[in-house]
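Visitor: this is a predicted model, with the sequence first.
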Amino acid sequence: KNQVEQSPQSLIILEGKNCTLQCNYTVSPFSNLRWYKQDTGRGPVSLTIMTFSENTKSNGRYTATLDADTKQSSLHITASQLSDSASYICVVSDSRKLIFGQGTTLQVKP
Amino acid sequence: DGGITQSPKYLFRKEGQNVTLSCEQNLNHDAMYWYRQDPGQGLRLIYYSQIVNDFQKGDIAEGYSVSREKKESFPLTVTSAQKNPTAFYLCASSSTGGDTEAFFGQGTRLTVV
């Protein structure tokens, strides 16, 4: 069964600190992997999209990595800000549809 | 402004009533999707449509119905057969299937009272 598992489920960090979110998937065939940011009560917004041949991709303070061999991805947030408080969702495509992880809820405290 | 619009943002329904959630996009996207989000769970696919006048059941279609009469519009009806309809509903669209980026609406929070 196609699945996307994220860890940790929730995370609290202090403003200015770095953090890393994890995503493991068993989706096959694999088309691409995306990370979305979802603010409370809003729709998800895309941060990065990575295909099979890409190992890393950055978007400002967000850096995503992909290891297609181990079927793992990570999202690293550098120098966190209060506005980074949100849910981060890992989404894997099998080219026909999107399979969503349950998300990691990040809270950045001052 | 191009985008995808859901309405209303909040919706209350009495038990036993059907209710329709609106989703409109002006991105000229062929594919549209409806997801349900519950606390602590990932988004679950209800229905999706790859082309006008055609749609497919997702993972949790029971108690829901959709139509795709126009490319821009993909309304979702939550019927009285849906046993636990209280949730956050998200509509999305993409230019083709799973290979392209999906753009999401702002969501509709449905509460059964």
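Guide: Looks like it arrived, so ask away. Residues are numbered from 1 along each chain as shown, chains lettered A, B, ... in the order given.
Visitor: make it CA atoms for all contacts and neighbour counts henceforth
Guide: Noted.
Visitor: pull the number of nearby residues for the residue of chain A at minimum distance from chain B.
Guide: As assessed by CA to the nearest CA, chain B sits closest to A:Gln102 within chain A, at 3.4 Å. Using other CA atoms under 10 Å in any protein chain shown, A:Gln102 has 24 neighbouring residues.
Visitor: per-residue pLDDT, the closest residue to it other than its chain neighbours?
Guide: Leaving aside its chain neighbours, A:Gln102 sits nearest to B:Gly42 (3.4 Å; criterion: CA to CA, 6 or more residues apart in numbering or on different chains). pLDDT recorded at B:Gly42 is 79.
Visitor: over to the nearest residue to A:Phe30 once chain neighbours are set aside: give its phi and psi.
Guide: Take A:Phe30 and drop its neighbours on the chain: the residue closest to it by CA to CA, 6+ apart is A:Asp94, 4.9 Å away. In this entry, A:Asp94 is assigned phi and psi values of phi -100, psi 20 (degrees, to the nearest 10).
Visitor: follow-up on the earlier one: just list the residues touching the residue of chain A closest to chain B, thanks.
Guide: Going by CA atoms under 8 Å, 6 or more residues apart in numbering or on different chains, A:Gln102 touches A:4-6, A:9, A:89-90, B:40-43.
Visitor: B:Leu21 is in contact with B:Thr108, isn't it?
Guide: Yes. Applying CA atoms under 8 Å as the test, B:Leu21 and B:Thr108 come out as touching, 7.5 Å apart.
Visitor: so which strand or helix has residue 11?
Guide: This is for chain A. Under the criterion of DSSP states H and E, A:Leu11 resides in strand A:10-14.
Visitor: was after chain B, sorry
Guide: Per DSSP H and E: strand B:10-13 holds B:Leu11.
Visitor: what is the mean pLDDT for that strand?
Guide: Average pLDDT, strand B:10-13: 93.
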